[in-house]
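> here is a sequence together with a model predicted from it:
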Amino acid sequence: MKFSTHLQENMAYFNEKLDVASNFDVVYRVAKVGGRDACLYFVDGFTKDEVLLKIMQVWESIKPEAMPKEVHDFSKQYFPYGEVGLLDKEEDVIVQLLTGICCIFIDGYDRCLTIDCRTYPSRGVSEPEKDKVMRGSRDGFVETLIFNTALIRRRIRDPKLTMEILTAGESSHTDIAVCYMKGRVDTQMLDRIKKRIQKLHVDALTMNQESLAECLYPHKWYNPFPKFKFSERPDTAAASILEGNIIILVDNSPAAMILPSSVFDIIEEADDYYFPPITGTYLRLSRMGISFLALFLTPTWLLLMQNPRLLPPWLEFILLSETPFVPLVFQLFILEFAIDGLRLAAINTPSMLTTPLSVIAGIVLGEYSVKSGWFNSETMLYMAFVTIANYSQASFELGYAIKFMRMLILLLTAIFNGWGYAAGVILSICAIVFNKTIAGKSYIYPLIPFHWSELKKRFLRGRLPFTEKEGGL
């Protein structure tokens, strides 16, 4: 539709299209601009009132003889604000209006003028609950896209840093920012990702990043290991951009999607770099070792309990001290589900009741469950370690992938004994080895293909590279 030069025709169309009689928050105001009738549309709660007030004051001072003939001349002369646009399609005007941009129609002009004076309700950029660090920045992403891009710009002051805006969702029209560094990013992968986003046919990204991730990588849903790394830390996102990765920010989501991501990228944390190389290396190797134990501890213990003859004398202390009334594999599976139940309960419990709930759960699932005969104390001990080990990972997705693989090995071990244990270990290794990143590369690079210098960087935290400027000390 091409707009009319008559204001009343444009107003009649948009009043009906936006249903302003029913939508109390879609506001329109009729005013005079240079002797002409004008109408201003905006969404209440999305607009900076002081900016609109200053613009209206300028318009009231315009004399009729000073009104330009062309609308683009008017936008250049009489808009005391930087972010101004001209639109000639009604679909574009409606989308822009519903995102919070003010739209102005002036009698005699056949295009709509837009002013970006948006303001969104938002919380403070406090440190995220999951990605905490012992030392380092204490800010985090929020649900407002422009705030998140500003947090990255604050850390990378380079004109090569590029942030392209795309939209997806026929109903939601969700804003998606693709952030990368020119000259460092893989251009073929970048083009492929942008084309996938532009070709998405989805009604709405209701689950923000997860909805987008499932659309970008729809294959191999049965492999639980994550294909993307998510982070709510701006410093982690900025470091990934400088390494040549692509960051995807979705409006209404406080997490950045980092891609491509291998398993080594997902295991890394910001604390590895906020401490000296020796401490950072220790933290990284400790986390890797704990993740390894979280996967294999309980299945290996179950295998040894089923085959006590395999135990060397110095390990006989791990044998059960009491005869189990419930088979060990059932005990382990019950505790796996009980721990997830407690986690869900803690999430949905009011903060003032979290401590009493934890105390009650610790008593009931600790001492009383052992005394009742449902569980053996050794089973409780090993599952307690596994539960704590899961929290050593910042990635929820990786933690649950390890959990699913552990439960698979437990089941196969209980049914097929040693052969089942071996089959479970092989399946777990294959799930990692044959997984692919979104770029189609190996999930365990630099192990496959082997690259010694890169592999050393994954395990050992070295000094950050630097060059000294001329004339330095």
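Cool, got the structure.
> every contact and neighbour count from this point should use C-alpha atoms.
Noted.
> so Pro64 touches Lys32, yeah?
No. At 10.1 Å, Pro64 does not count as touching Lys32 under the criterion of CA atoms under 8 Å.
> need the contact list for the residue lying closest to Pro446 once chain neighbours are set aside.
Leaving aside its chain neighbours, Pro446 sits nearest to Leu455 (5.3 Å; criterion: CA to CA, 6 or more residues apart in numbering). Going by CA atoms under 8 Å, 6 or more residues apart in numbering, Leu455 touches Tyr445, Pro446, Leu447.
> from those residues, list just the buried residues.
Tyr445, Pro446 (16 or more other CA atoms under 10 Å).
> between the contacts of Leu455, which sits nearest Phe230?
Tyr445 (18.9 Å; CA to CA).
> helices of the stretch 301-450 of the chain, start to end?
328-348, 351-363, 369-371, 377-390, 396-433 (DSSP state H, counting those that start in this stretch).
> got JSON lines for the ones you listed, with mean neighbour count and distance to Leu295 too?
JSON lines is the format used below for the helices of the stretch 301-450 of the chain (neighbours: other CA atoms under 10 Å; distance: least, CA to CA, whole Å):
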{"stretch": "helix 328-348", "mean neighbour count": "15", "distance to Leu295": "13"}
{"stretch": "helix 351-363", "mean neighbour count": "12", "distance to Leu295": "23"}
{"stretch": "helix 369-371", "mean neighbour count": "14", "distance to Leu295": "24"}
{"stretch": "helix 377-390", "mean neighbour count": "17", "distance to Leu295": "8"}
{"stretch": "helix 396-433", "mean neighbour count": "18", "distance to Leu295": "5"}
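> and those: which comes nearest Leu212?
Closest among those, using CA to CA: helix 396-433, at 15.6 Å.
> packing partners of that closest one?
If you count contacts as 3 or more CA pairs under 8 Å, 6 or more residues apart in numbering; DSSP states H and E, helix 396-433 packs onto helix 277-306, helix 328-348.
> one step back: looking at Pro64 and Lys32, which is more packed in?
Lys32 (15 against 11; other CA atoms under 10 Å).
> any idea how many residues pack against the closest residue to Pro128 other than its chain neighbours?
If the residues on either side of it in the chain are set aside, Pro128 comes closest to Gly140, at 5.6 Å by CA to CA, 6+ apart. Under the neighbour criterion other CA under 10 Å, Gly140 is assigned a count of 22.
> just want the phi and psi numbers for Gly140.
Per-residue torsions, Gly140: phi -150, psi 160 (degrees, to the nearest 10).
> use 20 as the first number from now on
Got it, first residue is 20 now, which makes that one Gly159.
> wait, doesn't it sit right on Ser145?
Yes. At 5.4 Å, Gly159 and Ser145 qualify as touching, with contact defined as CA under 8 Å.
> tell me who's in contact with Met200.
Contact partners of Met200, counting by CA under 8 Å, 6+ apart, are Lys179, Leu180, Thr181, Ile260, Leu261, Gly263.
> report the separation between it and Glu35.
According to CA to CA, to the nearest Å, Met200 stands 45 Å off from Glu35.
> what's the answer for Gly459, then?
Gly459 is 49 Å from Glu35, by CA to CA.
> and if you look at Met307?
Counting by CA to CA, the separation of Met307 from Glu35 is 60 Å.
> for these two, indicate the residue with more neighbours.
Met307 (18 against 10).
> any idea how far the more buried one is from Ser272?
Going from Met307 to Ser272 by CA to CA gives 29 Å.
> swap in Glu69?
For Glu69, the distance to Ser272 - CA to CA - is 28 Å.
> those two: which has the busier surroundings?
Ser272 (18 against 10).
> CA-only coordinates of stretch 332-347 in CSV, if you can.
Extracted C-alpha coordinates of stretch 332-347, given in CSV (Å, rounded to 0.1, in the frame of the first residue of the first chain):
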residue,chain,number,x,y,z
PRO,A,332,43.0,-55.5,47.9
TRP,A,333,43.7,-51.8,48.4
LEU,A,334,40.2,-50.9,47.1
GLU,A,335,38.2,-53.4,49.1
PHE,A,336,37.0,-50.6,51.4
ILE,A,337,34.6,-49.4,48.7
LEU,A,338,32.5,-52.6,49.1
LEU,A,339,29.1,-52.3,50.7
SER,A,340,29.1,-52.3,54.4
GLU,A,341,25.5,-53.6,54.6
THR,A,342,23.4,-55.9,52.5
PRO,A,343,21.3,-53.8,50.1
PHE,A,344,17.5,-54.3,50.2
VAL,A,345,17.0,-52.5,46.9
PRO,A,346,19.2,-53.3,43.9
LEU,A,347,22.0,-50.8,43.5
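> give me the residues contacting that stretch.
Here stretch 332-347 has contacts from Leu321, Met324, Pro327, Gly392, Trp393, Phe394, Asn395, Glu397, Thr398, using CA under 8 Å, 6+ apart.
> and the residues you listed, which is the shakiest by pLDDT?
Among those, Gly392 carries the weakest pLDDT, at 79.
> that one and Thr181, how far apart?
Gly392 is 62 Å from Thr181, by CA to CA.
> tell me which element Tyr199 falls in.
strand 193-200 (DSSP states H and E).
> could you list the paired strands of that strand along with their orientation?
Pairing partners of strand 193-200, with direction, according to DSSP bridges: strand 180-187 (antiparallel), strand 265-269 (antiparallel).
> what's the closest residue to Ala433 other than its chain neighbours in contact with, if anything?
Sequence neighbours aside, Val348 is the residue nearest to Ala433 in space, at 6.4 Å (criterion: CA to CA, 6+ apart). Contact partners of Val348, counting by CA under 8 Å, 6+ apart, are Leu321, Leu429, Leu430, Ala433.
> and the pLDDT for Val348?
The predicted local confidence for Val348 is 93.
> over to Leu376?
At Leu376, the model reports a pLDDT of 67.
> test my guess that Pro465 contacts Glu473.
Yes. With contacts counted by CA under 8 Å, Pro465 reaches Glu473, the gap being 6.1 Å.
> worst mean pLDDT among the helices of the stretch 320-469 of the chain?
helix 370-382 - the lowest mean pLDDT of those, at a mean of 68.
> where does the residue nearest to Pro465 land in three-state SS?
At Leu474 the chain is in helix, as set by DSSP: H, G, I helix; E, B strand; the rest coil.
> how many other residues sit next to Ile463?
21.
> and it, how far from Gly54?
69 Å.
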